[in-house]
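# need a 3D model of the sequence below.
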Amino acid sequence: MNLFADIHALVLQSLEGMVTAGDLPSGLDMRNVTVEPPRDAAHGDMATNAAMVLAKPAGKNPRDIADVLAGKLVADPRVITADVAGPGFLNLRLDPAAWQAVIPVALSASADYGRSTIGTGKKVNVEYVSTNPTGPIHVGHTRGAVFGDALASLLDFAGYDVTREYYINDGGAQVDVLARSAYERYREACGLEPQIVEGLYPGDYLIPVGEALKAKYGDSLIDKPEGDWLAEIREFATDAMMDMIRADLALLGVRMDKYFSEKSLYDTGLIEAAIAELDEKGLIYRGTLEPPKGKEPEDWEPREQTLFKSTQYGDDVDRPIKKSDGAWTYFAPDIAYHYDKIKRGYDEIIDIFGADHGGYVKRMKAAVAALSNETVPCDIKLVQLVKLFKNGEPFKMSKRAGTFITLTDVVEEAGRDVTRFMMLTRKNDAPLDFDFDKVVEQSKDNPVFYVQYAHARICSILARAGEAGLDVSDASLSGADLQLLTHVAELGLVKKMAEWPRLLESAALAHEPHRIAFYLYELASEFHAFQHLGKLEPELRFVQADKPAESLARIAMARAVAVTLAAGLGILGVTPAKEMR
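Prediction:
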């Protein structure tokens with residue numbers, strides 16, 4: 001049940017009635033007609049912009065449209081009043097019974113409360129993390145992993161067919177550096193002094209890889225020329241790093257449906273096929289690019305290259321796909337990878353990149369648009385940096401990683417649930433400060449505690465009610481006399497809970513899972529405020545021995561709030577707390 005969608009349907013039905021009656025012309029585009037919570041709750045429960053958006057195409061005064069529409073809406077028993085405001089907005093007040101009816105719906109749906117079908121089963125590929133297989137996941141990738149995983153869960157909850165995908169960058173020079181670094185740890189395992197020169201990976205995480213190489217090869221690779229061992233150690237070390245990355249992701253509660261290897265694009269014809277398709281569309285040519293904007297590098301010289309006409313699809317400049325020496329650029333395999341996604345039949349592609357990849361957004365969108373004939377949307381989300389603090393100071397580097405803080409460091413320090421929730425307390429493209437001291441505070445200023453505490457409090461209420469002899473099963477609570485919930489604070493809490501299905505859909509359409517975290521904090525705040533009010537007004541307390549009917553109605557409301565909190569936390573990958581320690 002989505003009460004906002006139900007009233008929106010009522011508005012559209014009423015508008016169609018006005019068309020039939022001749023009050024509006026036929027053929028009006030009603031896609032921009034909305035029903036939303038008003039900016040000021042004092043104005044009503046919901047507001048519609050119908051008269052405002054239809055006035056110009058209908059050739060009518062918006063207030064005249066609103067007056068007629070208001071009369072039709074109040075004929076529905078759910079709508080008590082429909083007041084015209086300003087130039088033509090329509091503010092609606094609903095019968096309390098309309099709000100109260102949301103509670104048994106939530107109790108019946110339980111973990112599926114708010115689940116939507118707006119995705120209509122469309123196939124969506126969400127690619128995230130995709131860190132180079134050269135070491136453990138660091139804190140920046142942790143935020144991208146949480147964001148991507150929550151977005152995938154959000155889309156799944158909204159009715160999309162989602163594939164979670166990791167692109168293994170195992171085809172570039174960085175994996176050769178990994179192999180050389182692992183070889184030095186192999187030499188160390190053989191009792192020799194490792195030569196970790198500048199440019200190699202210095203982290204201790206490669207020590208077990210060196211030991212595993214020693215166990216497999218003994219000392220047979222010592223003093224062998226690089227050409228004899230590079231390819232084999234590269235594959236061995238890459239596999240070891242991917243095992244480590246999978247373990248890191250599991251620690252965070254992230255699972256992938258598919259791992260796609262960049263190496264699989266080479267020598268298989270995939271890159272050539274993708275470029276050939278662009279060439280057939282007249283989008284590949286030989287040319288020379290202008291020098292970079294700003295100060296021209298001293299060593300820059302014009303070279304003829306093979307270029308993709310990405311400017312035809314909104315890019316700032318055309319992009320090289322093949323160097324003057326005939327080698328593919330980094331962009332070429334990325335084109336082929338997205339070409340493969342399109343061929344796999346995805347209706348939409350979502351890429352989650354680090355903020356340092358901002359320059360890649362336009363060219364990648366251009367490639368997808370060109371390859372799909374602009375039929376497959378490509379949304380690229382950039383994830384900004386995370387700054388870690390403890391005791392008022394920047395969190396120290398990880399010795400294990402050598403140069404950065406790992407996912408494991410963060411999760412072991414803060415816990416998985418805290419890490420996931422806090423990574424979603426800012427929009428993805430805004431910087432995030434993560435203070436280890438604040439995330440363990442038991443206060444309103446700690447959003448994860450505040451939300452978890454609300455759920456735990458409700459579990460405690462249910463336990464106390466059961467001890468008092470009340471049947472607090474969902475079946476029993478669904479039959480409670482909800483008409484007893486008439487206090488303004490009770491209705492306010494139910495109204496906030498009823499916003500969940502609408503909020504879920506808007507977050508999914510915008511690809512913004514942080515909206516879920518924000519909403520859960522607001523709902524928790526409403527609940528805590530209501531419980532505090534019960535201390536001031538005893539008649540609003542949840543469990544009252546002499547008023548079993550009122551108690552059951554109020555407990556049903558609380559249980560429905562818990563269901564909503566649990567549904568939202570589930571999307572974020574956070575376990576609802578049943579008690580707080």
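# can you give me the strands for the stretch 151-300 of the chain?
Ranges of strands in the stretch 151-300 of the chain, per DSSP state E, counting those that start in this stretch, are 161-168, 258-261, 284-288.
# now mean neighbour count, distance to Ala529 and mean pLDDT too, for those, in a markdown table please.
Any C-beta I mention is one placed from the backbone N, CA and C, and that applies to glycine too. Formatted as a markdown table, the strands of the stretch 151-300 of the chain follow (neighbours: other C-beta atoms under 10 Å; distance: least, C-beta to C-beta, whole Å; pLDDT from 0 to 100):
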| stretch | mean neighbour count | distance to Ala529 | mean pLDDT |
| --- | --- | --- | --- |
| strand 161-168 | 21 | 36 | 98 |
| strand 258-261 | 15 | 45 | 97 |
| strand 284-288 | 13 | 62 | 93 |
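# any chance of the ones you listed in a markdown table, with distance to Val35 too?
Formatted as a markdown table, the entries for the strands of the stretch 151-300 of the chain read as follows, by distance: least, C-beta to C-beta, whole Å:
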| stretch | distance to Val35 |
| --- | --- |
| strand 161-168 | 28 |
| strand 258-261 | 39 |
| strand 284-288 | 48 |
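# what's the end-to-end length of stretch 326-335?
17 Å (C-alpha to C-alpha, to the nearest Å).
# whoops, I mixed them up, stretch 104-120
26 Å.
# now what about that stretch, what contacts it?
For stretch 104-120, the external contacting residues (C-beta atoms under 8 Å, 6 or more residues apart in numbering) are 1-2, 155, 157-161, 474, 477-478, 482, 497, 500-501, 504-505, 508-509, 556, 559-560, 563-564, 566-567, 570.
# if you set the cut-off to 7 Å instead, what comes out?
Taking contacts as C-beta atoms under 7 Å, 6 or more residues apart in numbering, the residues outside stretch 104-120 that touch it are 1, 155, 157-160, 474, 477-478, 497, 500-501, 504-505, 508, 556, 559-560, 563-564, 566-567, 570.
# buried subset of those, written for ChimeraX?
To isolate the buried members of the contacts of stretch 104-120 in ChimeraX, using 16 or more other C-beta atoms under 10 Å:
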select :155,157,158,159,160,474,477,478,497,500,501,504,505,508,556,559,560,563,564,566,567,570
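# ok, now which ones touch the spatially most central residue of the chain?
Centroid check for the chain by C-alpha atoms, centre = their mean gives Leu151 as the closest residue, at 2.6 Å. Contacts were defined as C-beta under 7 Å, 6+ apart; by that measure Leu151 touches Val126, His511, Pro513.
# distance of Phe19 relative to Ala273?
Slight slip there: residue 19 is Val, not Phe. Using C-beta to C-beta, to the nearest Å, one gets 51 Å for the distance from Val19 to Ala273.
# same question for Glu499.
Separation of Glu499 from Ala273 (C-beta to C-beta) stands at 48 Å.
# those two: who's more crowded?
Legend: neighbour count by other C-beta atoms under 10 Å for Glu499 and Ala273, higher for Glu499 (21 against 13).
# contacts only, for the more buried one.
Taking C-beta under 7 Å, 6+ apart, one finds Pro37 in contact with Glu499.
# could you measure from it over to Glu36?
10 Å.
# and for Asn91?
In this structure, Asn91 and Glu36 are 11 Å apart, going by C-beta to C-beta.
# rewinding a little: next, format the contacts of Leu151 as a markdown table and append pLDDT.
A markdown table is the format used below for the contacts of Leu151 (pLDDT from 0 to 100):
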| residue | pLDDT |
| --- | --- |
| Val126 | 98 |
| His511 | 98 |
| Pro513 | 98 |
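# on that earlier part again, common neighbours of Asn91 and Glu36, please.
Common neighbours of Asn91 and Glu36, using C-beta under 7 Å, 6+ apart, are Ala47.
# distance of Ala545 from Glu467?
11 Å.
# also Asp433?
From Asp433 to Glu467 the distance is 43 Å (C-beta to C-beta).
# the two: who's more crowded?
Higher neighbour count among Asp433 and Glu467: Asp433, with 13 against 9, using other C-beta under 10 Å.
# which residues in the stretch 251-400 of the chain form helices?
With DSSP state H, counting those that start in this stretch as the criterion, the stretch 251-400 of the chain has helices at 270-280, 331-343, 361-371.
# tilt between the longest one and helix 361-371?
Between the axes of helix 331-343 and helix 361-371, defined by axes from the mean of the first three to the mean of the last three C-alpha atoms, to 10 degrees, the angle is 50 degrees.
# mean confidence for helix 331-343?
Helix 331-343 shows a mean pLDDT of 97.
# again, but for the last one
For helix 361-371, the per-residue pLDDT values average out at 97.
# what's the spacing between it and its chain's center?
22 Å (C-alpha atoms, centre = their mean, to the nearest Å).
# before we move on, what about the second one?
With C-alpha atoms, centre = their mean as the basis, the distance from the averaged C-alpha position of helix 331-343 to the chain average is 23 Å.
# now for it, which elements pack on it?
Where contact means 3 or more C-beta pairs under 7 Å, 6 or more residues apart in numbering; DSSP states H and E, helix 331-343 is packed against helix 270-280, strand 319-322, helix 361-371.
# how about the last one?
Secondary structure elements in contact with helix 361-371, counted by 3+ C-beta pairs under 7 Å, 6+ apart, are helix 270-280, helix 331-343, strand 378-383.
# recalculate using a threshold of 6 Å.
Packing partners of helix 361-371 (3 or more C-beta pairs under 6 Å, 6 or more residues apart in numbering; DSSP states H and E): helix 331-343, strand 378-383.
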